[in-house]
Each structure stands twice: as structure tokens, then as C-alpha cells.
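S.K.: below are the sequence and a predicted model; questions follow.
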Amino acid sequence: MCKVVMTMKNNHIMFIAGEPSGDMRAAGLARALKELDPTLRLSGIGGEYMQEAGVKCFTDITELAVIGIAEVVKNLSRIKKIFDQTLKQIDLDPPDCVILVDYPGFNMRLAKEIKKRRICHSRPRLKIIYYISPQVWAWREKRVLKIKNLVDRMIVLFPFEQGIYSKYGMKVDYVGHPLVDEIIVYKDQTEVLKNIGLSAGKTTIGLMPGSRAKEVERHLRLMLEAAQILFKQNKERQFILLKASSIPFKLIEDQIKVSLRGPEGDVAIFFKRLLRRFAPRNDTRIDIPIKIYDGPIYDGINAMDAVIVASGTATLETALLKKPMVIIYKTSWVTYAIAKVLIKIPYIGLVNIVAGKKIVEELIQNDATAARIAHAVEDALHNPDIVDQLTAIKTSLDEPGASLRAAQIILEEIK
């Protein structure tokens, strides 16, 4: 695509991202916007990726990174405070365009309030653009009607999303997925393994518990137990625990400490000894060759031969690097019960959704046990067709240049 540089007389664009994956996608879009028009002012809610891309963040993304209905309820006062601060910021420094990045629970309410301001304060130029669609195809497709009423334009990353919005007469553009551009590997598998003290001659299994604290708390112990089973079955295996940039080392270390030794304290030690005396075979201490990896994320995933990964954008990143995987997810029982009723599609993993069929195993809530995860990893390691199926995923996500195409659409909309 021919790149056209546009100058917008120092227009102000505000991004609203509420989670780490949105932070990364918004950062790529911000860089593309600055490339097309260096005079733009960019502000918003975001994290380290957006800040590095030149976005002045008035609220850090970690303040909003909660998941599940139960967790949102517990944090309502904090979220409400950020919501009110965001509206105040819009009033103090009115943007020409607000770009909502995924995170629909917060962003749809914000869009409603912004539209009120547009009417009451006579700001017809204030555009509302949604980048990365709410998952209307998973929950309730007719929510598109509400989105259409609040949002001026939708920019989607998956080809099937364009058809859904077009069906309801909404202005929508499919640009492809920015991950096609963003996934760059700098160091090969051998170099990464050598740098972290693992062997290049052994099978390496990755553990990716998630980018939010609650995900790590719910998934990591389970992943470590599955790793223990896999190691007992074959001692020529080793493990990489991929730490997301949004997760502090202390949380990872605390979870591993609990897995290795169990809780500290005299009472805990007494009950552990009692348990071992009467049920010695139930000792679940983790003792495996494992390293925590905190380097460039795609170098880390590329160093793996198979992956146990929490559902989310990470599954797509893993697929684009053609790594066999098993998707797991656990959430609060309240959130799970509601989602069970509302979700209308057979899969939750983006890999399977994009493929339109089950190509990797998904183990959710009760099904996510250490034994089942280990068994699914064994199957993935010995599936000769899975790499070809993952290659087809990349082909389906269009050519490079998604962020630049999205940036050009946004500037055309607000010029």
C-alpha cells in the first residue's frame, strides 16, 4: 500500500486501552499515526508500550487490568474513579478523536458519555472510533446495534468480523491483524536456551499463565503440576516460564515458592507432614528443570517446542510462531456460570475461532486439570499436522501493514 503522509494541524487523538494486549495494539497504531503525521498529539489510558510509542498516558493500564464479572464488582469503586477521571480529562483537553481499544465493558459506557458531550457541548468533530472489536460474535451479535448508535467507525482485525458489522449497516473496515507485523524473532531457539541455562538438545515446553495477576494466580500452579507430570514421563524435557511485562517478578516467585515448598509456618508444616505420613503418594511438590524468561516475548515463544497457554491474544501469537499448544483458562465461578449461558460459540481460543474449527485442545474450568493438560501436550507434540494448520492461520490474517492501514482510515475520518 502506498503511504500518504497527512498533516492534521496538531490534532489531538486519545486512546483508551484497558489491558496489556490492547496496550500493544494501540502502541503499534500510535506509531503508524505518528509516521503519517508527526504533529499529532496522542494521549490516553495505556501502559509501557503506548508510552514508548509517544502516547502521554494520564492513567496507567494496570489500574484497569481486572478480569471477570466477580473481579470487576470487587473493583467497581476504583474503575468508577478512573472512568470519571477520563471524562474530566476529555473536558479539560478535548480530543478530536477517541480511539476505543477493545475492553468493551468500560469503553462502551465511555462512548455513551462522550456522545452526550458531543451533543451538549457542540463538538460534532469529536469522532469515536473503535479499534479491535468487542467479541459480539461470541456473546450477543445484536449488540452491534448499540455499537452502531455510539461509534462512528469500527476497525476490525479478523475478516469474519467485517461481515457481522456490515450486516447491520455499520461503517466498518477490515485491516488485517497487526501481529503479522509485530512478531519478529531476533534470537534463534538455541541462543535463547543457552542464554537462560537450558539445553538446546532437549524438548522445551513453555508455560504462559497470562498477563494479569489473577490469571497467574489461577493458572501457574496448575501449569507447574502438569509440567511435573510431563517431566516424570520423560526426563529429556525442560520448561520455560514466560513472564509477561505486566507481571511483577515477585508474584511469579511467590507462586513458584508455594508450588515448590507449600505455605510457610509451623501449622502448615505440621499438616504437610501429617498428609505425607498417611498419603505419601499425594506429594505435589514441583521439582523440574525450569527457567523464568523475561526477555523479548517472541524470542521466548520461539524457543519452545510446545506451549501451555492461557486463552487470549497469546494463543494467536503462539500460533503465528507455529508452536503446538494447549489452551487453558480458569476464572471465578460467578464469571464462568454467566459466560456459560451467554457465550454462543463452541470455542474460546482465538486460534480455533479464526480457523473455524478445533485445531488445538481447549481445557476450561473443571476440565483444566494437571493430568488432562499433560495428556493434551503429549498429543500436541506428536501431532504431525498441527504446524500446517497453524501456518494456515497466518495466511488467513492478511498481508503486513495492518496498523498503517488503520492509521490512514483514522486520519481520513477526522481530517
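M.R.: Structure's in. What do you need?
S.K.: flag the shaky bits of the stretch 301-415 of the chain, pLDDT-wise.
M.R.: The stretch 301-415 of the chain contains residues with pLDDT under 70 at 342.
S.K.: now the strands for it?
M.R.: For the stretch 301-415 of the chain, the strands defined by DSSP state E, counting those that start in this stretch cover 306-310, 325-329, 361-364.
S.K.: what sits against Glu399?
M.R.: With contact set as C-beta atoms under 8 Å, 6 or more residues apart in numbering, Glu399 has these partners: 176, 180. For the C-beta atoms, the positions are set from N, CA and C on the backbone; glycine is no exception.
S.K.: redo the strands of the stretch 301-415 of the chain as JSON lines? Include mean neighbour count and distance to Lys243.
M.R.: Converted to JSON lines, the strands of the stretch 301-415 of the chain look like this (neighbours: other C-beta atoms under 10 Å; distance: least, C-beta to C-beta, whole Å):
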{"stretch": "strand 306-310", "mean neighbour count": "27", "distance to Lys243": "13"}
{"stretch": "strand 325-329", "mean neighbour count": "27", "distance to Lys243": "17"}
{"stretch": "strand 361-364", "mean neighbour count": "20", "distance to Lys243": "22"}
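S.K.: redo those strands as a markdown table? Include distance to Lys112.
M.R.: Formatted as a markdown table, the strands of the stretch 301-415 of the chain follow (distance: least, C-beta to C-beta, whole Å):
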| stretch | distance to Lys112 |
| --- | --- |
| strand 306-310 | 31 |
| strand 325-329 | 30 |
| strand 361-364 | 32 |
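S.K.: so which of those gets nearest Lys232?
M.R.: Evaluated over the strands of the stretch 301-415 of the chain, closeness to Lys232 peaks at strand 306-310, with 15.8 Å, by C-beta to C-beta.
S.K.: rewinding a little: what's the closest of the strands of the stretch 301-415 of the chain to Lys340?
M.R.: Judging the strands of the stretch 301-415 of the chain by C-beta to C-beta, what sits closest to Lys340 is strand 361-364, at 9.4 Å.
S.K.: which residues does the closest one contact?
M.R.: For strand 361-364, the external contacting residues (C-beta under 8 Å, 6+ apart) are 311, 326-330, 347-349, 352, 369, 372-373, 376, 379-380.
S.K.: just checking, which of those residues belong to helices?
M.R.: Among those, the ones falling in helices (DSSP state H) are 352, 372-373, 376, 379-380.
S.K.: now a ChimeraX select for only the buried ones of those.
M.R.: To isolate the buried ones among the ones in helices among the contacts of strand 361-364 in ChimeraX, judged by 16 or more other C-beta atoms under 10 Å, type:
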select :352,372,373,376,380
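S.K.: wait, which of the ones in helices among the contacts of strand 361-364 is closest to Ile247?
M.R.: Scanning the ones in helices among the contacts of strand 361-364 for proximity to Ile247, where the rule is C-beta to C-beta, the winner is Ile373, at 20.3 Å.
S.K.: residue contacts, that closest one?
M.R.: So Ile373 contacts 222-223, 226, 308, 326, 328, 363 (C-beta under 8 Å, 6+ apart).
S.K.: where does the closest residue to it other than its chain neighbours sit: helix, strand or coil?
M.R.: Spatial nearest neighbour of Ile373, chain neighbours left out: Ala226 (3.9 Å); criterion: C-beta to C-beta, 6 or more residues apart in numbering. For Ala226, the assignment made with DSSP: H, G, I helix; E, B strand; the rest coil gives helix.
S.K.: all helices of the stretch 151-300 of the chain, in order?
M.R.: Secondary structure of the stretch 151-300 of the chain by DSSP state H, counting those that start in this stretch: the helices cover 159-167, 179-182, 189-195, 213-233, 249-261, 266-278, 297-302.
S.K.: right, and the ones you listed - which one's nearest Gly22?
M.R.: Nearest of those (C-beta to C-beta): helix 179-182, 13.0 Å.
S.K.: what's the model's confidence in the closest one, averaged?
M.R.: Helix 179-182 carries an average pLDDT of 91.
S.K.: and it, what other elements does it pack with?
M.R.: helix 20-36, helix 313-320, helix 402-414 (3 or more C-beta pairs under 8 Å, 6 or more residues apart in numbering; DSSP states H and E).
S.K.: distance to Arg143 and mean neighbour count added to those helices, as a markdown table?
M.R.: Formatted as a markdown table, the helices and strands packed on helix 179-182 follow (distance: least, C-beta to C-beta, whole Å; neighbours: other C-beta atoms under 10 Å):
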| stretch | distance to Arg143 | mean neighbour count |
| --- | --- | --- |
| helix 20-36 | 19 | 24 |
| helix 313-320 | 21 | 24 |
| helix 402-414 | 22 | 21 |
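S.K.: which of the ones you listed sits closest to Pro159?
M.R.: helix 402-414 (11.9 Å).
S.K.: ok, Val216 - contacts?
M.R.: For Val216, the contact set (C-beta under 8 Å, 6+ apart) comprises 209-210, 247, 251-252, 255.
S.K.: how about it, nearest residue that isn't a chain neighbour?
M.R.: Pro209 (4.8 Å).
S.K.: Tyr174 now?
M.R.: Nearest to Tyr174 is Gln162, by C-beta to C-beta, 6+ apart, at 4.1 Å.
S.K.: residue contacts, that neighbour?
M.R.: With C-beta under 8 Å, 6+ apart, Gln162 has these contacts: 156, 172-174.
S.K.: apply 7 Å and report the result again.
M.R.: 156, 172, 174 (C-beta atoms under 7 Å, 6 or more residues apart in numbering).
S.K.: which one of those is nearest Gln85?
M.R.: Once C-beta to C-beta is applied, the member of the contacts of Gln162 that ends up nearest Gln85 is Val156, at 28.9 Å.
S.K.: wait, that closest one sits on Tyr131?
M.R.: No. In this structure, Val156 is not within contact of Tyr131 by C-beta atoms under 7 Å, at 8.7 Å.
S.K.: on that earlier part again, how near is the residue nearest to Ile373 to Tyr165?
M.R.: Ala226 sits 39 Å away from Tyr165 when distances are taken as C-beta to C-beta, to the nearest Å.
S.K.: which of the two has more residues huddled nearby?
M.R.: Set Ala226 next to Tyr165 and count neighbours by other C-beta atoms under 10 Å: Ala226 wins out with 27 against 24.
S.K.: that one against Ala374, yeah?
M.R.: Yes. Counting by C-beta under 7 Å, Ala226 does reach Ala374; the two are 4.6 Å apart.
S.K.: run a quick neighbour tally on the closest residue to Glu141 other than its chain neighbours.
M.R.: Excluding the flanking residues, the one nearest Glu141 by C-beta to C-beta, 6+ apart is Ile164, at 6.2 Å. Ile164 has 18 neighbours, counted by other C-beta under 10 Å.
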